[in-house]
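J.: Return a 3D structure for these sequence lines:
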Amino acid sequence: MLRADIDRVLDGFEWDLSALPRPRMLPADAPLRAVAWNVERGKRFSALMGVLQNEPWLRDADLLMLTEVDIGMGRSGNRNVPRELARALHMGYVFANYHLVLAPGDLAERDHGADNQLGLHGAALLTRLPVTRFWGVALPEFTDKFHSLEKRLGSKRALLVEVELPDGPLLVVVVHLDPFAPPNHRAAQLRLVVDAIARTGIERVLLGGDLNTNTYHLGSKAGLALDILHKLLRFGFDGTVRQYMTPEQVFERRVFAALAQAGLRTEGFTDPSAGTIHYDLNDPELRHKSLAYLPPRVFAWLERKLQPWGGCVPMRIDHFAGRGLSAVRALTLPPARHEGMRVSDHAPIVVEFRA
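T.: Next comes the predicted model:
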C-alpha cells in the first residue's frame, strides 16, 4: 500500500522559482559564475549560511550546484536546507531527492538526538537564471544501501536543469557519483548522465559536482585491500598519495573518458592545483570513521606513513566540465569556516565562464 507513495517521494522534486526574473539580461561580456559544493548535509547550517552570505565568490554566484542536501533530517535540524538557503540568498531552487533515510545518519551522525521528520536527502540547484524545465537521472547503487549503517531507500540521481539565457538554453547538471564503489562503477553512472544529456539536444552544458574520484574501490573491504596492494606495488606509498591529485591519469580515467566522449572538457573549468577534500587523520570525525573501517594494525601503519604529510593529504574529487562554453577562471576556495566552525568536509569549487 505504501509502495506508490515511497516511489513518488524517491522520484520527487521540490522547487520554488518565484524569485527569478524572466529573462535575466546580461552584459555581452559578463561571465557567469557557478559554484559546486558538497555541503555535507547542511548539518552545520549556521556556518553554511554565514559563508554563503558573506564570501563574495559564493554570495554573488549565478548558480550554486549543491550536493548532500537534507530536507527534514534530524542531523541538520530538520530544516529544509535548500529552501532556507535559496530564500536567504534571493534565488530560485530545484531539489531532487535521492534517498528516504531511515537512520539518524552515518557513523559520525548518530548522537544528535533528533528524530527525522521527513528523512529526505538529495541535490539542489540554486539559481539566479530562469528555469525552463528539469528532470533527474537515476544512478544505480553499487551496494544495497538498505543494509548499510545509514539505512536508506532509493539511489542517487543526477539533477538536470535547463536554464534560459538571452540567446538560448544552458543545461546545468548536478552530479554526485558513488564513493563506495570501484571507479568503473562511477564511470558507468556518469555514462548514464551523458546519455541523458545527449537526449536533450542542448549544446551548451555545464556539469559539476562531487564525482568522488577518490581512486579507490570502497565498496568492500576485500576490494579495498586488493586496491591498496595494487597501488603500493605499482606506485609505492608516496606515489599513491600523489595520484589523489591527478585521478584522471590512471585510476579514474574511465570517468574522465566518459566526459570527454560527450565533448565535456575539464581543462580550464576545474582548478588542478588544489585538493577539494583532505584525508585528515587529525579530524576526529574522519579518524573515527577510519578506525571503524580499517583493521587496527592497518590504521596504525597508515598513521605512521602519513606523518611526513602531518597526517593530512589532499584529494581532487569535485570537478566541473563544460561544453559549448568558454571558461574564464577556475579556482578552489579554502575549506570554508564561519566563526571558527567548519562548514563541510569539502571545499567549494568555482568556475566563471562565458556562454
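
J.: With residue 82 as the reference, measure out to the residue nearest to residue 77 when sequence neighbours are not counted.
T.: Excluding the flanking residues, the one nearest residue 77 by CB to CB, 6 or more residues apart in numbering is residue 45, at 6.0 Å. Yep, even glycine has a C-beta here, placed from its N, CA and C like the rest. Noted for residue 45: a distance of 12 Å to residue 82, by CB to CB, to the nearest Å.

J.: and what of residue 29?
T.: 31 Å.

J.: ok, residue 289 to residue 39 distance?
T.: 18 Å.

J.: same check, this time on residue 124
T.: 9 Å.

J.: Check residue 273 too.
T.: 23 Å.

J.: on that earlier part again, report the contact partners of the residue nearest to residue 77.
T.: 76-77, 79, 81, 84 (CB atoms under 8 Å, 6 or more residues apart in numbering).

J.: same deal with residue 46?
T.: So residue 46 contacts 338, 341 (CB under 8 Å, 6+ apart).

J.: Could you report the neighbour count for residue 267?
T.: 11 (other CB atoms under 10 Å).

J.: one step back: looking at residue 273 and residue 39 now, which is surrounded by more residues?
T.: residue 39 (28 against 10).

J.: still on that earlier bit, who's more crowded, residue 29 and residue 82?
T.: Set residue 29 next to residue 82 and count neighbours by other CB under 10 Å: residue 82 wins out with 28 against 6.

J.: residues shared between the contacts of residue 124 and residue 39?
T.: 66, 69, 81.

J.: Could you tell me which of those residues belong to helices?
T.: The helices, defined by DSSP state H, take in residue 81 from the shared contacts of residue 124 and residue 39.

J.: so residue 7 sits in a strand?
T.: No: checked against DSSP: H, G, I helix; E, B strand; the rest coil, residue 7 lies outside a strand; its state is helix.

J.: show me the contacts for it.
T.: Contacts of residue 7 (CB under 8 Å, 6+ apart): none.

J.: Of the shared contacts of residue 124 and residue 39, just say which sits nearest to residue 237.
T.: Lowest distance from residue 237 to the shared contacts of residue 124 and residue 39 (CB to CB) belongs to residue 66, with 34.6 Å.

J.: The closest one against residue 40, yeah?
T.: No: in this structure, residue 66 is not within contact of residue 40 by CB atoms under 8 Å, at 10.4 Å.

J.: distance of residue 70 from residue 308?
T.: 37 Å.

J.: repeat for residue 114
T.: 41 Å.

J.: Tell me the backbone dihedrals of the residue nearest to residue 77, please.
T.: With angles defined as degrees, to the nearest 10, residue 45 sits at phi -70, psi -40.

J.: Can you tell me how far it is from residue 98?
T.: Distance from residue 45 to residue 98, by CB to CB: 19 Å.

J.: ditto for residue 193
T.: 14 Å.

J.: Look at those two and report which has more neighbours.
T.: Using other CB under 10 Å, the more surrounded residue of residue 193 and residue 98 is residue 98, with 26 against 23.

J.: Mind giving me the packing neighbours of the helix or strand hosting that one?
T.: Using DSSP states H and E, residue 98 maps to strand 92-101. Under the contact criterion of 3 or more CB pairs under 8 Å, 6 or more residues apart in numbering; DSSP states H and E, strand 92-101 touches helix 3-10, strand 13-16, strand 63-71, helix 81-89, strand 120-127, strand 131-138, strand 152-154, strand 157-165.

J.: That strand: which residues count as buried?
T.: 92-101 (16 or more other CB atoms under 10 Å).

J.: Identify the residues contacting the helix or strand of the chain with the lowest mean pLDDT?
T.: Sorting the helices and strands of the chain by mean pLDDT, DSSP states H and E puts helix 284-293 at the bottom, at a mean of 83. With CB under 8 Å, 6+ apart as the test, helix 284-293 has contacts from 106-108, 221, 279-281, 299, 302, 345.

J.: Restricting to C-alpha, output stretch 292-308 in CSV.
T.: C-alpha atoms of stretch 292-308 as CSV (Å, rounded to 0.1, in the frame of the first residue of the first chain):
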residue,chain,number,x,y,z
ALA,A,292,35.7,1.7,12.2
TYR,A,293,36.6,0.8,8.7
LEU,A,294,40.2,-0.3,8.9
PRO,A,295,41.8,-3.1,11.0
PRO,A,296,43.8,-1.6,13.9
ARG,A,297,47.1,-2.6,12.5
VAL,A,298,46.4,-1.2,9.1
PHE,A,299,45.3,2.1,10.7
ALA,A,300,48.4,2.3,12.8
TRP,A,301,50.6,1.7,9.7
LEU,A,302,48.6,4.3,7.8
GLU,A,303,49.1,6.8,10.6
ARG,A,304,52.9,6.3,10.6
LYS,A,305,53.1,6.6,6.8
LEU,A,306,51.2,9.8,6.8
GLN,A,307,53.4,11.5,9.3
PRO,A,308,55.5,13.3,6.6
